[in-house]
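J.: Sequence and predicted model, in that order:
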Amino acid sequence: MAGRGSPHNVDHRFSGRQILAVDDGWPQTAQPEFELPAPQTQVREIQARSIISHNLSPDVPFSRAINPYQGCEHGCIYCYARPSHAYLELSPGLDFETRLFAKINAAELLRREFAKPGYQPQTIVLGANTDPYQPIEHHYRLTRELLEVMLAHRHPVGLITKSAMILRDLDLLQALAERGLCRIMISVTTLDEPLRRRLEPRASTGQGRLAVIDKLARAGIPVGVLAAPMIPRLNESELEQIIGAAALRGASQAGYILLRLPHELAPLFCDWLDRHYPQKKQAILNQLRASREGALNSPQFGDRMRGSGPFADLLAQRFRLICKRLGLAQRPPPLDITAFLRPHQQFELF
């Protein structure tokens, strides 16, 4: 389906029933007399009960995150957040791209968290699951509201996005960066535009994301590049090109992730390969299995992001070498947690 990563829905692991297509013996015409209209994006506004999610994973450099939206209209076929839609009794396929949820009370919930007497500040990352700057942010502006709360309370924040819309909030990001409270990672999957359109049909172009890195760096905002996901025999050959191009535009940090295929994502990705790269399908899947101890996914800490085996080791070595050559090997300094202002302290500013 044009403009969508997945053309259909798939049954999920909590499905109470399954739908199977069968041949009923009736002759079919070569071309259907009509086609179903492309599904329109539907957004349900919800009142969330909590807003900060916590994790104990050693694989990510943060323990707190906020996702103002569930589902993502970017439609990236590889998105590891797709299976989370199954918890909503929706499909990780087309539903994930078209049945979205906006937590319209996100900013108010964050203010309440900051007001709790025992609250201790730590960097909160926006976009750890779904993109905080996906298209519906134009209307809802939940990410901007969250940044306003962060700035008002001098709270450190990280952002992960692949959208050029982040430049809309340059004023807030600059104010946060001036106080050592902000760091951004721009996700760049490929600089091959035909491939990008198939992988990420509603996301910004690769060159557009490099331009975002350039503008953020020129504005004095710490920014890095996340080459993710690296897919064997499809885009992994671009690892050095992506990181090198980002460094030329001011990226001061880099990261990468080997493709993950948890739960329903595996059949979705296999179907995508059948449609777009059938000749490469088995080679890609075989290399992934060789990097995941025979499986297409590994949930194990220390392995799920990078994999293991010869290919994964070589990818890690390539990453280390390009970062060392470009001066991206050092860890960035931590964001400031000492400037945090509790709500009752706000009045002391005046």
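T.: Yes, it's here.
J.: How many residues are close by residue 101?
T.: When counting by other C-beta atoms under 10 Å, one arrives at 21 neighbours for residue 101. Glycine gets a C-beta too; all of them are placed from N, C-alpha and C.
J.: Just say helix, strand or coil for residue 45.
T.: Secondary structure state of residue 45, per DSSP: H, G, I helix; E, B strand; the rest coil, is strand.
J.: per-residue confidence at it?
T.: Turning to residue 45, the model gives it a pLDDT of 98.
J.: Could you check how many residues crowd around it?
T.: 10.
J.: same deal with residue 3?
T.: Neighbours around residue 3, by other C-beta under 10 Å: 11.
J.: How about residue 162?
T.: 28.
J.: Looking at the protein, which helix is longest?
T.: helix 310-326 (DSSP state H).
J.: CA atoms only for that helix - export them in PDB, please.
T.: Provided in PDB are the C-alpha atoms of helix 310-326 (Å, rounded to 0.1, in the frame of the first residue of the first chain):
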ATOM      1  CA  PRO A 310      31.700 -13.000  13.100                       C
ATOM      2  CA  PHE A 311      29.400 -10.600  11.300                       C
ATOM      3  CA  ALA A 312      28.300  -8.700  14.500                       C
ATOM      4  CA  ASP A 313      31.900  -8.600  15.700                       C
ATOM      5  CA  LEU A 314      33.100  -7.100  12.400                       C
ATOM      6  CA  LEU A 315      30.300  -4.600  12.500                       C
ATOM      7  CA  ALA A 316      31.300  -3.500  16.000                       C
ATOM      8  CA  GLN A 317      35.000  -3.300  14.900                       C
ATOM      9  CA  ARG A 318      34.000  -1.100  11.900                       C
ATOM     10  CA  PHE A 319      32.000   1.100  14.200                       C
ATOM     11  CA  ARG A 320      34.900   1.500  16.600                       C
ATOM     12  CA  LEU A 321      37.400   2.300  13.900                       C
ATOM     13  CA  ILE A 322      35.300   5.000  12.200                       C
ATOM     14  CA  CYS A 323      34.500   6.600  15.500                       C
ATOM     15  CA  LYS A 324      38.200   6.600  16.500                       C
ATOM     16  CA  ARG A 325      39.200   8.100  13.100                       C
ATOM     17  CA  LEU A 326      36.600  10.900  13.400                       C
END
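J.: all helices for the protein, in order.
T.: Under DSSP H, the chain gives helices at 94-98, 106-115, 137-140, 142-152, 170-178, 193-199, 206-218, 239-248, 265-276, 281-291, 310-326.
J.: I'd guessed residue 329 sits against residue 321; true?
T.: No - the pair residue 329 / residue 321 is not scored as a contact, 9.6 Å apart, by C-beta atoms under 8 Å.
J.: what about the helices of the chain, which gets the closest to residue 227?
T.: Residue 227 lies closest to helix 239-248 among the helices of the chain, at 4.6 Å (C-beta to C-beta).
J.: Give the buried residues for the closest one.
T.: Across helix 239-248, burial judged by 16 or more other C-beta atoms under 10 Å covers 239, 240, 241, 242, 243, 244, 245, 246, 247.
J.: Need the max-distance pair from these.
T.: Between any two of the buried residues of helix 239-248 (C-beta to C-beta), the greatest distance is 12.6 Å, for 239 and 247.
J.: Can you name the residues in contact with stretch 98-106?
T.: Contact with stretch 98-106 is made by 4, 39-48, 51, 66-73, 85, 88, 90, 109, 136, 140, 142, 145-146, as judged by C-beta atoms under 8 Å, 6 or more residues apart in numbering.
J.: hmm, 6 Å instead?
T.: With C-beta atoms under 6 Å, 6 or more residues apart in numbering as the test, stretch 98-106 has contacts from 39, 41-48, 51, 68-71, 90, 140, 142, 146.
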